[in-house]
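A.B. asks: no FASTA, just this:
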């Protein structure tokens, strides 16, 4: 049986709820994506991939839970939408 691809969700709402989006990058300080990786305990490479391809459903769920939220709190009705951001 073939594995179906995971639904993907935009990264921006995750940056927003983590309080990271919109922060300015200043020399010597971490970039938004690096800061998110540190906050979530994931690799910078993973977060960069999420920026390019969207956050896969299992990672989206884990990231929201890590922040003490339900994925609906991050992505709203998109979480319940069968289409995700494919």
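C.D. replies: Sure thing, it's come through. From a predicted model like this one, the values you see are computed outputs, not experimental measurements.

A.B. asks: So which residues make contact with stretch 41-51?
C.D. replies: 11, 14, 33-34, 36-37, 40, 56, 59, 63, 66 (CB atoms under 8 Å, 6 or more residues apart in numbering). Bear in mind the C-beta positions are built from the backbone N, C-alpha and C, glycine included.

A.B. asks: ugh, typo on my part, it should be stretch 72-83
C.D. replies: Contacts of stretch 72-83 (CB under 8 Å, 6+ apart): 7, 9-10, 13-14, 17, 60, 63-64, 67, 70-71, 84-85.

A.B. asks: one step back: let me have the contacts of stretch 41-51 in TSV, adding neighbour count and distance to residue 46 as columns.
C.D. replies: Putting those into TSV (neighbours: other CB atoms under 10 Å; distance: CB to CB, whole Å) gives the following:
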residue	neighbour count	distance to residue 46
11	24	11
14	26	12
33	19	10
34	15	12
36	23	10
37	19	7
40	18	9
56	18	10
59	20	7
63	26	10
66	13	13
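
A.B. asks: any chance of these in TSV, with pLDDT and secondary structure too?
C.D. replies: Output for the contacts of stretch 41-51, formatted as TSV (pLDDT from 0 to 100; DSSP: H, G, I helix; E, B strand; the rest coil):
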residue	pLDDT	secondary structure
11	95	coil
14	95	helix
33	89	helix
34	89	helix
36	93	helix
37	94	helix
40	96	helix
56	95	strand
59	97	helix
63	98	helix
66	97	helix
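
A.B. asks: okay if I get these as CSV plus distance to residue 79?
C.D. replies: CSV is the format used below for the contacts of stretch 41-51 (distance: CB to CB, whole Å):
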residue, distance to residue 79
11, 14
14, 12
33, 22
34, 26
36, 19
37, 22
40, 17
56, 13
59, 13
63, 12
66, 16
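
A.B. asks: Which pair in the residues you listed has the greatest spatial separation?
C.D. replies: 34 and 56 (19.9 Å; CB to CB).
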